[in-house]
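Enquirer: Quick one, fold the following:
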Amino acid sequence: MENNNSNNINWNFIAKFLSDETNDTDNEVFEIWLKDKENMKIFNSIKKSWKLMDKSEKMKNINKENAWDKLHARIENDESSVIIKQNLFVKKFMRYAAIFIILLGFSFSGYLLYNSPFNPILYNTIEATHNELNKKVVLPDGSNVYLYADSKINFPKEFSKNNRKVNLKGEAFFEIVKNPEKPFIVCARNARIKVLGTSFSVKANLPNKKVEVFVKTGKVKLYKRNNEQVNIILKPGNFGILTNKEIIKKQNTNVNYLSWKTHDLVFKNNKLNYVISVINKTYNIDILCETSVIKNLRITSTFSKQPIDTVLEVICSTFNLNYKIKESGKILLIKNSNK
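Expert: Numbering: from 1, shown residues only. Now for the predicted structure:
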């Protein structure tokens, strides 16, 4: 082995060691080299990548060094092989360079794969299908996440010592266990949402990569990825909206904003067109109106965790309507022809 300098690593030796091609003397020298903390750190990284890429078993079956030694001995005995020796020197140099590049590539790609949030060994990925509403996910710290349909969350099986970071695609409602020493961070598109302990919702399925955050309890910091200095603090009732150009804060005026989570609906002299849009979101269905006259009808009503059949019956009886389910699965509100 070389001396304890990470710039002078004997990559060929490490490859032989990982392929079980070294002898006892080599191993003793290698153990001395590993006593240096930096050397041990480098070796562990390479070893991890080697195992992860599952290359060691293939390398064991190929002893290139022995083949090289035999060829080198034949050339040394041939005094007229100066040109061949020169070419062979170049080839040997290139071989070492290739080994270095391959191992470096394994190390880097292995590091990325091993630490990737898509590595199933270290991370969980849970998805709510199109027919799943309010899917509950319990995180390692006991926090709860409720996924809306067609949404996905990715999180480590064990949170790090410094933070609790998750990745969200789609829409979800969070109930976070308070821990001031370990902030909770949601990564959603280009947005970052940092909290200590609170409940809030995140929409990361809006057009133009827009992200929307609504705070129910506690406080939330909303900022753009890699730029935490530029942020807004959201309190209960606040909306935070992050786009490619700006971060803005608004006050929520929509009492049905979280109806998909609570299944509580409140309508006060609202047009049926608006009512239907809220119901469609809440139950993840597709209701249509046969005419514009039906859309403009107004209703005042409250529904608390009622099944969709009950909601439709109340609306239809109020306005003398009927509904039919089309082959596509869409529900069409029509004027009742019996009266």
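Enquirer: Torsion angles phi and psi at the closest residue to Gly237 other than its chain neighbours?
Expert: Residue nearest to Gly237 in three dimensions, not counting chain neighbours: Asn252, with 5.3 Å by C-beta to C-beta, 6 or more residues apart in numbering. Quick note: C-beta positions are derived from backbone N, CA and C, even for glycine. Phi and psi for Asn252, reported as degrees, to the nearest 10, are phi -70, psi 130.
Enquirer: now the one 10 residues further on
Expert: When read as degrees, to the nearest 10, the backbone of Thr262 gives phi -90, psi -20.
Enquirer: Next, find the distance separating the closest residue to it other than its chain neighbours from Val202.
Expert: In space, and not counting its chain neighbours, Thr262 is closest to Lys305: 7.9 Å by C-beta to C-beta, 6+ apart. Between Lys305 and Val202 the computed distance is 23 Å (C-beta to C-beta, to the nearest Å).
Enquirer: Tell me which of those two has more neighbours.
Expert: Higher neighbour count among Lys305 and Val202: Val202, with 25 against 9, using other C-beta atoms under 10 Å.
Enquirer: residues in contact with the more buried one?
Expert: By C-beta atoms under 8 Å, 6 or more residues apart in numbering, the contact list for Val202 reads 168, 171-172, 174, 186, 188, 191, 193, 211-213.
Enquirer: Name the nearest of those residues relative to Ile153.
Expert: Comparing the contacts of Val202 against Ile153 with C-beta to C-beta picks out Leu168 as the nearest, at 5.4 Å.
Enquirer: wait, doesn't that closest one sit right on Cys187?
Expert: Yes: taking C-beta atoms under 8 Å as the definition, Leu168 is a contact partner of Cys187 at 7.0 Å.
Enquirer: Thr318 reaches Thr300, doesn't it?
Expert: No: counting by C-beta under 8 Å, Thr318 does not reach Thr300; the two are 9.5 Å apart.
Enquirer: Just give me the longest strand of the protein.
Expert: strand 164-175 (DSSP state E).
Enquirer: mean confidence for it?
Expert: Across strand 164-175, the average pLDDT comes to 96.
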